[in-house]
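**Student:** let's see this in three dimensions:
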Amino acid sequence: MIKLTEKEKDLINALDDSLFTRNFVEDWINRDDNVVINAPAALQSANAKGFYRAVHKIVQLQEKMEEEK
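**Tutor:** Take a look at the predicted model:
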């Protein structure tokens, strides 16, 4: 189960996307919908997971840059 860190939540809030809000991402990243049974939900979940992966990577890069200072 994926749980957003405070830094990830802060970054999502800072990005201020109208769809990919912190609540939206938290609600959708841990869903496991079957594409045959519920294709729209499976697609929505995949989008949230992709957005989360990008946010997670950005936070990792920010932390690495802070360590190098």
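
**Student:** mind checking how far F51 is from F20?
**Tutor:** Note on F51: its distance to F20, by C-beta to C-beta, to the nearest Å, is 5 Å. Glycine gets a C-beta too; all of them are placed from N, C-alpha and C.

**Student:** so for the residue most central in space within the chain, what's the pLDDT?
**Tutor:** Centroid-nearest residue in the chain: Y52, 2.0 Å away (criterion: C-alpha atoms, centre = their mean). Confidence per residue is given as pLDDT, and for Y52 that number is 98.

**Student:** might one say that it is in contact with T5?
**Tutor:** No. No contact is recorded between Y52 and T5 when judged using C-beta atoms under 8 Å, the distance being 11.0 Å.

**Student:** before we move on, the earlier item: next one: the residue nearest to the centre of the chain from D16, what distance?
**Tutor:** With C-beta to C-beta as the criterion, Y52 and D16 are 16 Å apart.

**Student:** also K3?
**Tutor:** Using C-beta to C-beta, we find K3 at a distance of 22 Å from D16.
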